[in-house]
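Trainee: next comes the sequence, and after it the predicted model I'd like to discuss.
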Amino acid sequence: MKTIQIIPIYADKVLEVVAKGTLSTETETDFMDTDGNYYAKTTAVAVASLRKTDKTYTCPYKGLCYYWDLIDESSQVLITDFAWVYEQPKAGWEHIAGRFGFYHYDNANYQIVVTEQ
């Protein structure tokens with residue numbers, strides 16, 4: 001079994017883990033590795049650290065998603081477009097509905113740590 005952590009980076013500082021859990025291609029794990037991205041159940045994410053925005057993107061395959069910003073304790077935005085959620089994806093993508101999406105690679109906004117157990 002693999003585990004994963006999504007660790008935000010803000011102003012070159014590593015912040016507290018915002019998402020963690022088990023990882024596989026199966027829907028029952030905390031994180032799914034699918035379509036080149038990680039999709040996390042809400043129970044694996046510190047949702048209080050995120051805020052849904054009005055910004056959207058429409059994928060021709062998956063449908064409409066909403067972006068979520070990473071915020072601090074005073075609700076100030078630290079990182080825009082930190083994650084995304086397909087609330088009602090198109091047919092064939094129901095397995096990612098309501099899950100938080102994260103890119104499959106480290107970037108300027110977060111570091112991904114995957115370990116074998």
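Mentor: Thanks, I have the structure now.

Trainee: ok, the residue lying closest to residue 105 once chain neighbours are set aside - contacts?
Mentor: Counting by CB to CB, 6 or more residues apart in numbering, residue 112 is the residue found nearest to residue 105 once chain neighbours are left out, at 7.0 Å. Quick note: C-beta positions are derived from backbone N, CA and C, even for glycine. With contacts defined as CB atoms under 8 Å, 6 or more residues apart in numbering, the neighbours of residue 112 are 4, 5, 6, 7, 38, 102, 104, 105, 106.

Trainee: surely the fifth one touches residue 4?
Mentor: Yes: here residue 38 lies in contact with residue 4, judged by CB atoms under 8 Å, at a distance of 6.6 Å.

Trainee: surely residue 91 forms part of a strand?
Mentor: No: using DSSP: H, G, I helix; E, B strand; the rest coil, the assignment for residue 91 is coil, not a strand.
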